[in-house]
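Q: okay, structure incoming, though there's no sequence with it:
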């Protein structure tokens, strides 16, 4: 069976959805907010996306892509190069290795598992930045609002990603 050029391009575009959404949400997270008291707190959108896609479509977001996204995020955020990539790669590696655990579970279990993964991601990133950056370690309590906001917003972001997944990737 031969695909037409439009069918081929449609397939390529659909397979690029996880990458595009992860990149879009990463850039969205870097948009300055002017809400009182929230300017320093941004959810870990990139981690949420990597976690979600690693559970449901790991085949469309490979390790090299995750590494590139992590490096790009480090460059944009001004964090030590490789710290974000390490966190994202570890998240993907962990989730892919636990596919039997993640796939048949209800949302509440997946959400609780994200809370655990997010704790690990926060600590690893904090350690990487603390050891590498000239400023040293920031107070660990500064991680709590980022962590809580990320865990709190996970259901909404994963719901949107799930809707997009069903719309564009269900037949892929």
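A: Yep, that arrived. All of these numbers come straight from a predicted model, not from anything done at the bench. Numbering: from 1, shown residues only.

Q: for the rest of this, base every contact and every neighbour count on C-alpha atoms.
A: Will do.

Q: shaky segments in this structure?
A: 1, 32-40, 171-172 (pLDDT under 70).

Q: helices along that one, start to end?
A: Listed in chain order, the helices of the chain (DSSP state H) span residues 5-15, 17-29, 45-56, 63-77, 83-97, 99-102, 107-132, 143-164.

Q: can you list contacts of stretch 43-60?
A: Stretch 43-60 has contacts (CA atoms under 8 Å, 6 or more residues apart in numbering) with 15-16, 18-19, 21-23, 25-26, 29, 61, 66, 88, 91-92, 95-96, 99, 102-103, 114, 118, 146-147, 149-150, 153-154, 157-158, 161.

Q: circling back to that earlier point, adding mean neighbour count, write the helices of the chain out as TSV.
A: Converted to TSV, the helices of the chain look like this (neighbours: other CA atoms under 10 Å):
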stretch	mean neighbour count
helix 5-15	13
helix 17-29	17
helix 45-56	23
helix 63-77	17
helix 83-97	21
helix 99-102	14
helix 107-132	17
helix 143-164	16
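
Q: can you list these in CSV and add distance to residue 170?
A: Listed next are the helices of the chain as CSV, based on distance: least, CA to CA, whole Å:
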stretch, distance to residue 170
helix 5-15, 10
helix 17-29, 12
helix 45-56, 11
helix 63-77, 21
helix 83-97, 19
helix 99-102, 18
helix 107-132, 18
helix 143-164, 9
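
Q: next one: the most centrally placed residue in the chain from residue 141, what distance?
A: The centroid of the chain falls nearest to residue 47 when counting by CA atoms, centre = their mean (2.5 Å). According to CA to CA, to the nearest Å, residue 47 stands 20 Å off from residue 141.
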